[in-house]
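[1] coords below, sequence missing:
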């Protein structure tokens with residue numbers, strides 16, 4: 001786990017997971033940005049308009065991002081020491097990815113039926129199910145952050161650990177709110193993933209460099 005090239009690849013997986021998910025969200029278009037509070041007119045307009053190829057490219061990219069995330073989660077928890085907390089962290093990461101993919105599947109069903117005959121009540125139901133799955137995934141984000149944060153603190157990585165614990169507490173506090181306060185939980189999670197990816201990969205590189213110097217002395 002201290003091979004610099006190995007760590008750089010897995011660190012890149014964490015960054016790729018965030019970049020791909022954000023890119024996929026942008027490309028997926030308006031159907032993937034509808035919320036339970038959307039007006040009937042807005043939902044009706046989305047349902048009346050068939051989606052283009054860009055939407056499916058975005059959906060594919062978003063789904064692919066979770067493969068990179070799972071690779072990052074497995075690497076990060078092992079890098080921070082493994083053990084029971086690492087198992088909990090990996091289980092939370094896998095469950096988060098599963099719920100998120102299910103949520104995207106519901107929205108993809110909405111997109112597939114758009115322009116091909118689907119009523120507004122059914123469309124609103126799909127949006128509601130998607131949002132329920134999405135919000136439920138926040139609890140799993142918090143569990144992953146708590147487990148990983150405790151691992152980091154036990155590994156003397158205080159900044160990484162306390163930032164994860166702080167983000168987890170914010171996520172748990174924000175979950176009851178589906179507004180802007182709650183929606184910020186995921187961008188905060190993404191920022192932590194990027195920070196952790198860089199920190200863990202750089203720490204390994206520095207350790208490898210100091211080891212090489214010691215061997216030459």
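    Arrived safely. All values derive from a computational prediction rather than experimental measurement.
[2] so what's the residue count around residue 191?
    13 (other CB atoms under 10 Å). Using the backbone N, CA and C atoms, a C-beta is placed for each residue, glycine as well.
[3] per-residue pLDDT, it?
    For residue 191, the pLDDT comes out at 96.
[4] helix or strand for it, which one?
    helix 185-216 (DSSP states H and E).
[5] and residue 132, by the same measure?
    Using DSSP H and E, residue 132 falls in helix 120-154.
[6] next: residue 25.
    helix 4-28.
[7] residues of that helix that come out buried?
    Using 16 or more other CB atoms under 10 Å as the test for burial, helix 4-28 gives 7-8, 10-21, 24-25, 27-28.
[8] can you check stretch 189-198 too?
    Going by 16+ other CB under 10 Å, stretch 189-198 has these buried residues: 189-190, 192-194, 196-197.
[9] and of those, the nearest to residue 155?
    residue 196 (12.1 Å; CB to CB).
[10] isn't the closest one right up against residue 14?
    Yes: at 6.5 Å, residue 196 counts as touching residue 14 under the criterion of CB atoms under 8 Å.
[11] tell me, what's touching the two both at once?
    residue 76 (CB atoms under 8 Å, 6 or more residues apart in numbering).
[12] I'd like to know how far residue 38 sits from residue 120.
    10 Å (CB to CB, to the nearest Å).
[13] neighbour count: the two, which is higher?
    residue 38 (17 against 14).
[14] wait, what's in contact with the nearest residue to residue 68 once chain neighbours are set aside?
    Of all residues not flanking residue 68 in the chain, residue 17 sits nearest, at 3.9 Å (CB to CB, 6 or more residues apart in numbering). Residue 17 makes contacts with 65-66, 68-69, 72, 193, as judged by CB under 8 Å, 6+ apart.
[15] and which of those residues is nearest residue 171?
    Nearest member of the contacts of residue 17 to residue 171, counting by CB to CB, is residue 193, at 13.2 Å.
[16] wait, that closest one sits on residue 20?
    No: assessed by CB under 8 Å, residue 193 is found out of contact with residue 20, at 11.9 Å.
[17] and the residue nearest to residue 35 when sequence neighbours are not counted, how close does it get to residue 183?
    Spatial nearest neighbour of residue 35, chain neighbours left out: residue 131 (6.3 Å); criterion: CB to CB, 6+ apart. Distance, residue 131 to residue 183, using CB to CB: 11 Å.
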